[in-house]
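> 3D, please:
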Amino acid sequence: MPPDTPPLRFLLTFDDGPSIRSEPNPTTQVLHTLASNSLQPGIKAIFFVQTRAANGGGTPEGRALMRRELALGHVLGFHTATPGHSNHVGMSSEQLRDSLQLGLADHAEISGLAPRLVRPPMWAYDARTLDLYAEAGMQALMTDVTANDGKLIWPYGSPRRKQHMGYQMALLKPRVLAGELPVVGGVIPVVVTFHDPNPFTAEHMAEYLRLLVSSARDQGLRISDQPFYGRGDDIEAVALTRTVNADAPIQRIPGFWHSLLRMTP
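Just a heads-up that it's a prediction; the model follows:
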């Protein structure tokens, strides 16, 4: 029997995009699957974008994709505003402050809005970077579950994706039972991270949605009748309840390095 806890609802996030790969474009594929799938059509997500990536958000094609994400009701969060995937902890305060201001300007141009959420590249942050995020009006969001799909090494594939997702849910279960995750609107929001530039992820997004639900149920966890969030304003408000507490210990990604060594990405 499922434990006597509130049901889970998955809050999907995507890092490193948008992708400007030629057709089939991975970011476009992800957007299509979120809009049209057998579990819950119209899923909304947070896309943590790289607004100045030389092969993505820094191009006219990338800017158009970010505007499309917004038009479809998704939320844009800040990831980087540098040509590459720069580690914020390794940047000086002046460099990071300048980068954040560039990103804020990019977001204002794209959406007319300032982002409220930031996902630290490589999950790396410290008290200094949190202070600089706050100075820029943003809060850092980590994750509860990760697909470990951020590595774009050919050939693409994840033959042990089912085992990996089961492993991640097994790590999540004791946190749910211990009441460590907040209840928001009668459900427990579970933050999940994918990477939309990964072609394999994009091609298998519908399967990943099914795996999230089935793996949680295999662990005996309750799932909401609506397993995913369907409104952009809802997910941003919910995500803000899950952001990093500056006074808390550094958050580690559940099982990330151990899982990385055991599982094929």
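> now name the helix or strand holding residue 10.
strand 8-15 (DSSP states H and E).
> that strand pairs with which strands?
strand 46-50 (parallel), strand 188-195 (parallel), strand 223-228 (parallel) (DSSP bridges).
> mind saving the C-alpha coords of the last one as CSV?
Listed next in CSV are the C-alpha coordinates belonging to strand 223-228 (Å, rounded to 0.1, in the frame of the first residue of the first chain):
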residue,chain,number,x,y,z
ILE,A,223,1.3,10.0,-7.4
SER,A,224,-1.1,12.9,-7.9
ASP,A,225,-4.0,12.4,-10.4
GLN,A,226,-2.2,15.1,-12.3
PRO,A,227,1.4,13.8,-12.2
PHE,A,228,3.0,17.0,-13.7
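> so which residues make contact with that strand?
By Cβ atoms under 8 Å, 6 or more residues apart in numbering, the residues outside strand 223-228 that reach it are 7-12, 39-40, 43-44, 187, 209, 212-213, 216-217. The way it works is simple: take the backbone N, C-alpha and C, and place the C-beta from them, glycine included.
> what's the answer for the second one, then?
Residues lying outside strand 188-195 but in contact with it, judged by Cβ under 8 Å, 6+ apart, are 5-17, 30, 119, 141-147, 149-150, 172, 176, 181-182, 201, 205, 208, 212, 229, 238-239, 241-242.
> if any of these are buried, give me the ChimeraX selection for them.
Of the contacts of strand 188-195, the buried ones go into a single ChimeraX selection, burial set by 16 or more other Cβ atoms under 10 Å:
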select :5,6,7,8,9,10,11,12,13,14,15,16,17,30,119,141,142,143,144,145,146,147,149,150,172,176,181,201,205,208,212,229,238,239,242
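> out of the contacts of strand 188-195, which sit inside strands?
Among those, the members found in strands (DSSP state E) are 8, 9, 10, 11, 12, 13, 14, 15, 145, 146.
> the first one touches residue 177, doesn't it?
Meaning residue 8. No - checked against Cβ atoms under 8 Å, the pair residue 8 and residue 177 is beyond contact range at 12.0 Å.
> what ranges in this structure fall below the confidence cut-off?
Along the chain, the model assigns pLDDT under 70 to residues 1-3, 151-159, 254-265.
> go again with 90.
The chain contains residues with pLDDT under 90 at 1-4, 22-23, 55, 84, 147-164, 231-233, 245-265.
> quick check: the two most widely separated of the contacts of strand 223-228?
Using Cβ to Cβ, the contacts of strand 223-228 span at most 22.4 Å, a distance reached by 44 and 217.
> who has more neighbours out of the two?
Just comparing residue 44 and residue 217: by other Cβ atoms under 10 Å the higher neighbour count belongs to residue 44, 22 against 14.
> export the helix or strand where residue 28 lies to PDB, keeping only CA atoms.
Taking DSSP H and E as the definition, residue 28 sits inside helix 26-35. Output of helix 26-35 as PDB, limited to C-alpha atoms (Å, rounded to 0.1, in the frame of the first residue of the first chain):
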ATOM      1  CA  PRO A  26      16.100  18.400 -29.600                       C
ATOM      2  CA  THR A  27      14.500  21.400 -27.900                       C
ATOM      3  CA  THR A  28      11.700  21.400 -30.400                       C
ATOM      4  CA  GLN A  29      11.100  17.700 -29.800                       C
ATOM      5  CA  VAL A  30      11.000  18.200 -26.000                       C
ATOM      6  CA  LEU A  31       8.400  21.000 -26.400                       C
ATOM      7  CA  HIS A  32       6.300  18.800 -28.700                       C
ATOM      8  CA  THR A  33       6.300  15.900 -26.200                       C
ATOM      9  CA  LEU A  34       5.400  18.100 -23.300                       C
ATOM     10  CA  ALA A  35       2.500  19.500 -25.200                       C
END
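> now for it, which elements pack on it?
helix 60-71, helix 199-203, helix 205-218 (3 or more Cβ pairs under 8 Å, 6 or more residues apart in numbering; DSSP states H and E).
> quick one: buried residues of the lengthiest helix in the chain?
For the chain, the helix with the greatest residue count under DSSP state H is helix 93-111. Under the neighbour-count criterion of 16+ other Cβ under 10 Å, helix 93-111 has 96, 99, 100, 103, 104, 106, 107, 110, 111 buried.
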